[in-house]
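1. Let's see this in three dimensions:
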Amino acid sequence: MTKRLTNYSLLITNYSFYESMSTKKRVKEKKEVNKTLQWVKFIIALACYLAFLYWVKSWLGLIVIPFIYDAYISKKINWQWWKDAEKPVRAVMSWVDAIVFALVAVYFINQFFFQNYVIPSSSLEKSLLTGDYLFVSKVAYGPRIPQTPLTMPLTQHTMPLFGTKSYIEWPHWDYRRVKGLGDVQLNDIVVFNYPAGDTICTDIRYQTEYYRMCYELGREIYENNYPNPVNPADLNHQQQHDYFAFIYAVGRNYIKNNPHEYGDIDSRPTDRRENYVKRCVGLPGQTLQIKDHIVYLDGQPNKEPDNVQYRYNVTFREGAQLTDDLLKELAITAEDLNLSSGGKEMLHQNGAVTPYNRFIQMPLTARAAKALKERTDLVDSLAIVDDYHVGDLYPQNMITGWTCDNYGPIWIPKKGDSIELTVDNIAIYERPIRVYEDNELEVKNEQIYINGQLATSYTFKLDYYWMQGDNRHNSADSRYWGFVPEDHIVGKPIFIWWSSDPDRRGFSGIRWNRLGKIVDKIK
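-> Model (predicted):
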């Protein structure tokens, strides 16, 4: 009996030994498999990272490779130390880890590949509508290397709730663009940074109005305080340049001395300025002129957008009722009719609305104008507004006599091309030379000095574009603030991923027919 028990003990011991050896072998094989898998992951991650560095031509990023190696292979740094911590710390840090990863991923994707953009105004109607959400490709024209890299993801320039800057101005890198899939083409719809947004009033009401307010306030103060104000139209171009410099200085000084109303005067770097979206109607090196609201390039008429809008003088019949179905059919918005909040509420409740005035100006497409004119039960008369003009056009420091519908001719600067400079055209090219290309410029005694040297010509360092909205009589565009430099180009809208009508509520406000619409097909 004792011998039998001894045999059983030996058998169990031998089995345990071999089982232990087998387990160790399996663990070793598993470790080898895991190690091989980690090497595969490391090689894939390294290849993608090196491809990215080659694309952006930023070899300084090679210093990150040892950390990638450690994360996958050597594991000298305990990157997830918090997983071994006590439960409260582990729970908090797991959320922090997820949030930081998400923010870094969003920053990287938005900076180099694509970002979301919502149409905030009617300047491109009826091509792109207020409430359209766009998928904007950065790769289409090539992403810019960030000029202000230290910025909070998902913000443009201001922190929500706090109202402070969402970026740090140091370090500030020079403009450089990575190679993209192509260049801006004529009639492309383009997202870009607002060129006149380099200087702002910090009060949110006036952040995009700084230059216009300087000239308007300066002129008003001058005319109210001088018994015989000068008419700038009676001056030559040198005198006009001096006059408008004085007017601008007066207006700026007034804004500076009234921070309770306008806030402080501040500046923004290029990539932190407001995002705008317009249609490119003029390319570098082309001569643009608008005649009777038609854009001409190098003497040839450019194709108008299919849904271009102009303002019309409309006389409605007494008591005319515009039904919601008719407004939908003709794509007429509450903004087009200048409806108040009460008028919108009436439209929601009754399904129809009466225009606030029998005589109004409203933007219409050619199709909508024709259809409305045929409704003699609603409309007495309808005619397009000729030679529309609102506010001061570019350049604001010279009397040109131009209007929104009759403008130019104006040559669009092209990189490497030169132009002769005179007091007759310096107002047009002063801002690109001084602001966008960072030169000192002075005009005195009918001569032009650049960086202290007498200049009779100038060779441009950047390409420039001319942008206009399809809602031609209701768009703040290049006619008001001039050229768009290439370093302001953000990207190209690809498709509409969501669209909601601000005039309608709930499901009835969803524009189902616009979801997934390709922007390139909106001609």
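2. Skipping adjacent residues, who's closest to residue 385 in space?
-> residue 311 (4.3 Å; C-beta to C-beta, 6 or more residues apart in numbering). Any C-beta I mention is one placed from the backbone N, CA and C, and that applies to glycine too.
3. buried ones in the helix or strand where that neighbour lies?
-> Secondary structure assigned from DSSP states H and E places residue 311 in strand 309-316. Along strand 309-316, these residues count as buried under the neighbour rule (16 or more other C-beta atoms under 10 Å): 309, 310, 311, 312, 314, 316.
4. Please name the residues that touch the last one.
-> Spelled out, it's residue 316. Residue 316 is in contact with 355, 358, 359, 360, 378, 379, 380, counting by C-beta atoms under 8 Å, 6 or more residues apart in numbering.
5. do the fifth one as well
-> Under the criterion of C-beta under 8 Å, 6+ apart, the contact list for residue 314 reads 359, 360, 361, 362, 372, 379, 381, 382.
6. I'd like the distance between it and residue 372.
-> According to C-beta to C-beta, to the nearest Å, residue 314 and residue 372 sit 7 Å apart.
7. same deal with the first one?
-> Relative to residue 372, residue 309 is positioned 13 Å away (criterion: C-beta to C-beta).
8. Can you work out which residues contact both of those two?
-> Joint contacts of residue 309 and residue 372 (C-beta under 8 Å, 6+ apart) are residue 364.
9. Am I right that residue 43 is in a helix?
-> Yes: counting by DSSP: H, G, I helix; E, B strand; the rest coil, residue 43 falls inside a helix.
10. among the contacts of residue 316, which two are most distant?
-> Maximum pairwise distance among those (C-beta to C-beta): 13.8 Å, between 359 and 378.
11. Neighbour count: those two, which is higher?
-> residue 378 (18 against 11; other C-beta atoms under 10 Å).
12. Quick check: that one touching residue 317?
-> Yes: under the criterion of C-beta atoms under 8 Å, residue 378 makes contact with residue 317 at 5.9 Å.
13. so who does the closest residue to residue 293 other than its chain neighbours touch?
-> Nearest residue to residue 293, sequence neighbours excluded (C-beta to C-beta, 6+ apart): residue 405, at 4.2 Å. By C-beta under 8 Å, 6+ apart, the contact set of residue 405 is 290, 292, 293, 386, 387, 388, 389, 472.
14. Now list the buried members of those residues.
-> 290, 293, 388, 472.
15. Please identify which of the residues you listed is nearest to residue 88.
-> residue 472 (61.0 Å).
16. List the residues that contact that closest one.
-> 293, 308, 309, 310, 404, 405.
17. which intervals of this structure have sub-threshold pLDDT?
-> 1-33, 339-350, 390 (pLDDT under 70).
18. picking that back up, of the buried residues of strand 309-316, which is the nearest to residue 49?
-> residue 309 (47.7 Å).
19. quick one: the closest one from residue 356, how far?
-> Taken as C-beta to C-beta, the span from residue 309 to residue 356 is 20 Å.
20. Could you tell me how many residues sit around residue 206?
-> Around residue 206 there are 16 residues (other C-beta under 10 Å).
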